[in-house]
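>>> got a predicted structure here, sequence first:
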Amino acid sequence: MVAVAIYAILGGRPLLEEEKQQKNDISLTWFIYQNSLSEDCSRLAATVSELPVSLQTAELLVDLLLRMDKKLCTGGVDDSDGVVGGCMEEIVGVT
């Protein structure tokens with residue numbers, strides 16, 4: 001969708017070298033961000049797996065899931081590769 005939007009805005013003209021560099025910088029930033037999300041989700045999954053089974057733990061995890069959902073729904077987190085959604089599914093499995 002992004003490529004089509006850029007193509008439409010440019011009216012079909014090729015990207016200038018400066019525009020290509022901006023695209024590469026944005027891509028690098030996106031990959032760094034996604035890698036950070038992936039690492040954080042792995043840490044969270046490890047922590048959740050060590051929690052004791054109890055009503056208090058279940059309440060904590062439900063609260064966590066609701067907060068994560070709110071971040072996803074309001075644009076606070078870019079989950080375009082599905083890492084955060086997958087993490088949430090794993091947490092649901094634990095609960």
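Perfect, I can see it now.
>>> burial of residue 14, as a residue count?
7 (other C-beta atoms under 10 Å). C-beta coordinates here come from the backbone N, C-alpha and C atoms, glycine included.
>>> oh, that last question was meant for residue 65, not what I typed.
Residue 65 has 16 neighbours, counted by other C-beta under 10 Å.
>>> same question for residue 7.
12.
>>> need phi/psi at it.
Backbone torsions of residue 7, given as degrees, to the nearest 10, read phi -60, psi -40.
>>> distance check, it against residue 13.
9 Å (C-beta to C-beta, to the nearest Å).
>>> do the same with residue 53
60 Å.
>>> can you show me the helices along the chain?
Along the chain, the segments classed as helices by DSSP state H run 2-10, 17-49, 55-73, 83-94.
>>> what's the most buried one of these?
helix 83-94 (a mean of 16; mean count of other C-beta atoms under 10 Å).
>>> give me the helices and strands touching that helix, please.
Applying 3 or more C-beta pairs under 8 Å, 6 or more residues apart in numbering; DSSP states H and E, one finds that helix 83-94 contacts helix 17-49, helix 55-73.
>>> okay, now the unreliable bits of the chain?
1-2, 95 (pLDDT under 70).
>>> the spatially most central residue of it and residue 60, how far apart?
With distances taken as C-alpha atoms, centre = their mean, residue 79 lies nearest the centre of the chain, 2.7 Å away. Noted for residue 79: a distance of 22 Å to residue 60, by C-beta to C-beta.
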